[in-house]
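Trainee: Structure here, sequence nowhere to be found:
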């Protein structure tokens, strides 16, 4: 365990979400990195995949990306590590990825290897037990501490692993690790720590590699990058012929998707990037020094993500071209809502209207208050615990846009244009119920690991 | 005084989810001179961004002038978590365009 340098390739910022670009991957693989690591999840995709326990990514894209990594890693006989399997990192997604690896090993007649996988799901009942025992489940990002009411409205919870289960799996001799939900940076930091590199180097390496080519310029996603670390510095190199890692692109990436560019929390501590120094090392490589890691005092806190079902959901769409109707769009929506209310009364339902061409994208944040578009698209969502009520509410709420009663409208044969004169059942509505942390005695306690032989 | 629009000065102007409860905005400049000119003008401030989006100051979770990245970054709280019923932008990545029109005082 005395490597002077360690090289880790990151082929994709979210494995399977869109396919890995092959040219830059194979250019990187040809340099024989020590580890093939990739994160495959995100909470960006909204609460539906976690709540409904399904993927946002296409299975063929996931298999494609896993196949590239597996073939290259097994050819070199070096480890491959995947975090947040199948977008959400739930147990079913981990099982699915393990199945994909088995299938690919068979397809390519790979020599036997060891696969470790770990789960991240936490039963809501387990959180309840801890709360009843007096433990506080602390809210993040301004949220209040978890209440029993919010917990009762939660269908599925995943804990976000730090480096601990990955390091444990490497110690157990894993060639391939399929992880449940995990911090993006941990997927890369874990092998660096396992190989004896200092924490601050390991975590910064993870931080810069987690989104693959998002730290490069010009912009181009899904291209590979390679991180090279020593005990003193981190270097990150673009693999795609058209991309470079520059001081600007790497420093800029430090800000991406986080509240503050200087600090980031993971299970076990905080990365402090406030004194990072960025230098152009060679044409395609940026060198970074000065990152720090501050271990947590006391018990490790693990982030929890939870999703709860709001109801069954339908969607309808209506286009509007008449300038008089556009001018009075709020009255049109009020009419449609009133007609749904007249029919459904006290039955439990909610209707949402997003008016594209007015403020559909930004809602209340839209500074432009005057609608200047010559046409609008109204997207109607209806939700209810009862599927039939959701359908009826959405149907009335959409169709009545067609029958809107405006006193001076000249088009009396219908005030809306339909792409389809129907409403569509879509995924149930869910809500992020948990964005919290739980204190643990042992950082492995929420992440059971299993080792299997793939033959 | 002469002014220029932010869109003509910045290299990157973007927005994106920062976790499920927040949206973060990045304004990144190519040259340090441009960055420091905009920063020192004070045109982009906690007050001015809140006024632009019509939000209370309490919704502003963070505002940082990030010298190493030649960037100004701020983060706002969502009123509902991302992807809740009635969402218009699950990724929060199309909330930045109003920043384009910020008028920045520039030397004559």
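Mentor: Looks like it arrived, so ask away. Note that the structure is predicted; figures quoted are calculated from it, not measured.
Trainee: residues near the residue of chain B found nearest chain A, how many?
Mentor: Closest residue of chain B to chain A, Cβ to the nearest Cβ: residue B:83 (2.5 Å). Quick note: C-beta positions are derived from backbone N, CA and C, even for glycine. For residue B:83, the count of nearby residues is 25 (other Cβ atoms under 10 Å in any protein chain shown).
Trainee: repeat for residue A:307
Mentor: The burial count for residue A:307: 29, using other Cβ under 10 Å.
Trainee: separation between it and chain B?
Mentor: Per Cβ to the nearest Cβ, to the nearest Å, residue A:307 is found 9 Å from chain B.
Trainee: which ones are touching the residue lying closest to the residue of chain B closest to chain A once chain neighbours are set aside?
Mentor: Nearest residue to residue B:83, sequence neighbours excluded (Cβ to Cβ, 6 or more residues apart in numbering or on different chains): residue A:46, at 2.5 Å. Neighbour list for residue A:46: A:430, B:82, B:83, B:87, B:90 [criterion: Cβ atoms under 8 Å, 6 or more residues apart in numbering or on different chains].
Trainee: hang on, isn't the third one packed against residue A:48?
Mentor: Translated: residue B:83. Yes: at 6.5 Å, residue B:83 and residue A:48 qualify as touching, with contact defined as Cβ atoms under 8 Å.
Trainee: so what's in contact with those two at the same time?
Mentor: With Cβ under 8 Å, 6+ apart as the test, residue B:83 and residue A:48 both reach residue A:430.
Trainee: show me where chain B has strands.
Mentor: B:3-5, B:12-17, B:22-28, B:60-66, B:71-77, B:103-105 (DSSP state E).
Trainee: Tell me which of these sits nearest to residue A:205.
Mentor: strand B:60-66 (20.7 Å; Cβ to Cβ).
Trainee: Quick check: mean pLDDT of that closest one?
Mentor: Throughout strand B:60-66, pLDDT has a mean value of 95.
Trainee: likewise stretch A:82-92?
Mentor: 98.
Trainee: who's in contact with residue A:225?
Mentor: Contacts of residue A:225 (Cβ under 8 Å, 6+ apart): A:9-10, A:28, A:209, A:212-213, A:215-216, A:236-239, A:245.
Trainee: From the residues you listed, list the buried ones, please.
Mentor: Buried members of the contacts of residue A:225, counted by 16 or more other Cβ atoms under 10 Å in any protein chain shown: A:9-10, A:28, A:209, A:212-213, A:215-216, A:236-239, A:245.
Trainee: Quick check, residue A:227 in contact with residue A:5.
Mentor: No: here residue A:227 does not reach residue A:5: they are 10.5 Å apart, not a contact under Cβ under 8 Å.
Trainee: So which of those two has more stuff around it?
Mentor: residue A:227 (28 against 13).
Trainee: For my notes, confirm that one occurs in a strand.
Mentor: Yes: Residue A:227 forms part of a strand when assessed by DSSP: H, G, I helix; E, B strand; the rest coil.
Trainee: ok, what's across the strand from it?
Mentor: residue A:8, residue A:236 (DSSP bridges).
Trainee: how many neighbours does residue 105 have?
Mentor: Since no chain was named, I'll use chain A. Residue A:105, neighbours per other Cβ under 10 Å, totals 20.
Trainee: Chain B, not that one
Mentor: Residue B:105 has 15 nearby residues by other Cβ under 10 Å.
Trainee: so how far is residue B:9 from it?
Mentor: Computed as Cβ to Cβ, to the nearest Å, the residue B:105 to residue B:9 distance reads 11 Å.
Trainee: just residue B:34 next, same as before
Mentor: 5 Å.
Trainee: Looking at residue A:248 now. What's its pLDDT?
Mentor: 87.
Trainee: Confirm it sits in a helix?
Mentor: Yes: the assignment for residue A:248 is a helix, going by three-state DSSP.
Trainee: okay but it is in contact with residue B:69, surely?
Mentor: Yes: with contact defined as Cβ under 8 Å, residue A:248 counts as touching residue B:69 (7.4 Å).
Trainee: Compare the two (neighbour count), which wins?
Mentor: The residue with more neighbours, out of residue A:248 and residue B:69, is residue B:69; 26 against 23, by other Cβ under 10 Å.
Trainee: Kind regards, and thank you for your time.
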